[in-house]
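Asks: Here is a sequence with its predicted model. Questions after.
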Amino acid sequence: MSEQITHLAVADDARLLSLNSPRIHGAVRESLLNHQDKCRLGAVTRASELFAGPVIEELRGRADEPLPRDAEKLAFCLGTMAHRSADRIYKPIFRSQSADGGCEPKDISIYHDVFLFRRIYAAGDKEPYRGDALSPAVEVPDGTPVDAAEVEGLFRVLFQRALLAAHTFKPDLSDPHGWLDRLFERIQEFTIDIGRYHKALTEPDEGIYRRAIVDVNFFDESDSILALLDELRDGREIEGEELLSRCRLGDKDSLYARAVCGAYGYFQVTSEFWSGRCSAELFRDAITR
């Protein structure tokens, strides 16, 4: 999907703040601690924030007798909230910064992804990425470089074969047109051109970089919350009032700080709702803003 790196970075950093915050506790903290993979999955799933609130209300309703996967579902729903926070900040930027036809909206999103690939994931030195994640050549276990496009083509074939072997479609015979409409709506093609990412990484266009990063204040090292995150990533223990005093958003803070802060806010109100300190009405309103 497009903006995958950006969505993961926002979710990962909101999770890092939450795990050190005295305002995130109980089941919400435990789900973030133990199920980062599910949180990441939610962060890269489109439109799932539409059902996150009702699902969380249902999970909370059976919190005393949870089902085996309830903690994973909670982590997934939290990830979808991080996705929503990122989309609310960045989607308008894709359009505004390409409105004059000087580049495509996709170019803006690619430059956001590449910036965070370098800044948050050390150009692939930090999981879940590898150094060749955006390269046209990937390293196989024996160390021999292979063409990434060939590997991706092979993966598509193997993936399709696996689906054919494992699944069949059972249509809704009472509503064939509706069933087909829903099926087609849910198919997502593999359309991301890794070559464009690699070029942005290795041969950046100064004009697009300025549009995507500089002109919109995409990332500012001096933002309080981003400086705090750097220290947390380095393993420094920052908790309690010190964390809360530094975990704040200024009027002129960067887009990335705003996206992370928004996701952290969603996590916090979910924790408040789960512990009974805010009503269902307030919870629903807060996570759809």
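Replies: Cool, the structure landed.
Asks: Residue ranges in this protein under the pLDDT threshold?
Replies: 1-2, 49, 141, 143, 157-169, 187-192 (pLDDT under 70).
Asks: The same query, at a cut-off of 90, please.
Replies: Low-confidence segments of the chain (pLDDT under 90): 1-3, 44-51, 123-195, 197-198, 238-241, 247-251, 288-289.
Asks: Show me the strands in it, by range?
Replies: Secondary structure of the chain (DSSP state E): strands located at 137-139, 145-147.
Asks: Go ahead and name everything in contact with the first one.
Replies: Strand 137-139 has contacts (Cβ atoms under 8 Å, 6 or more residues apart in numbering) with 130, 132, 145, 146, 147, 148, 151. Placement of C-beta: from N, CA and C, glycine included.
Asks: quick one: the fourth one from residue 197, how far?
Replies: Using Cβ to Cβ, to the nearest Å, one gets 18 Å for the distance from residue 146 to residue 197.
Asks: neighbour count winner among the two?
Replies: residue 197 (20 against 12; other Cβ atoms under 10 Å).
Asks: Apart from its neighbours in sequence, what residue is nearest the more buried one?
Replies: residue 134 (4.4 Å; Cβ to Cβ, 6 or more residues apart in numbering).
Asks: Filter the contacts of strand 137-139 down to just the buried residues.
Replies: Restricting the contacts of strand 137-139 to buried positions leaves residue 148, with burial counted as 16 or more other Cβ atoms under 10 Å.
Asks: Which pair in the contacts of strand 137-139 has the greatest spatial separation?
Replies: Across the contacts of strand 137-139, no pair lies farther apart than 130 and 147, at 16.4 Å, counting by Cβ to Cβ.
Asks: Could you check how many residues crowd around the nearest residue to residue 219 once chain neighbours are set aside?
Replies: Excluding its sequence neighbours, the residue lying closest to residue 219 (Cβ to Cβ, 6+ apart) is residue 256, at 4.7 Å. For residue 256, the neighbour count with other Cβ under 10 Å is 28.
Asks: correct me, but residue 256 touches residue 218?
Replies: Yes: with contact defined as Cβ atoms under 8 Å, residue 256 reaches residue 218; the gap is 6.1 Å.
Asks: re the thing from before, please tabulate the strands of the chain in CSV, including the columns distance to residue 97.
Replies: As requested, these are exported to CSV (distance: least, Cβ to Cβ, whole Å):
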stretch, distance to residue 97
strand 137-139, 31
strand 145-147, 33
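Asks: For residue 66, find the nearest of those.
Replies: Of the strands of the chain, the one closest to residue 66 (Cβ to Cβ) turns out to be strand 137-139, at 40.2 Å.
Asks: That closest one pairs with which strands, and in what direction?
Replies: Using DSSP bridges, strand 137-139 pairs in its sheet with strand 145-147 (antiparallel).
Asks: on that earlier part again, how much space between the residue nearest to residue 219 and residue 56?
Replies: 26 Å.
Asks: Check residue 72 too.
Replies: Taking Cβ to Cβ as the measure, residue 72 and residue 56 are separated by 13 Å.
Asks: more crowded one of those two?
Replies: Neighbours were counted for residue 72 and for residue 56 using other Cβ under 10 Å; residue 56 has more, 24 against 17.
Asks: Can you tell me the closest non-neighbouring residue to the more buried one?
Replies: Nearest one to residue 56, counting by Cβ to Cβ, 6+ apart, is residue 77 at 5.3 Å.
Asks: ditto for residue 172
Replies: Nearest to residue 172 is residue 179, by Cβ to Cβ, 6+ apart, at 4.0 Å.
Asks: burial measure for the one you found, as a count.
Replies: 15.
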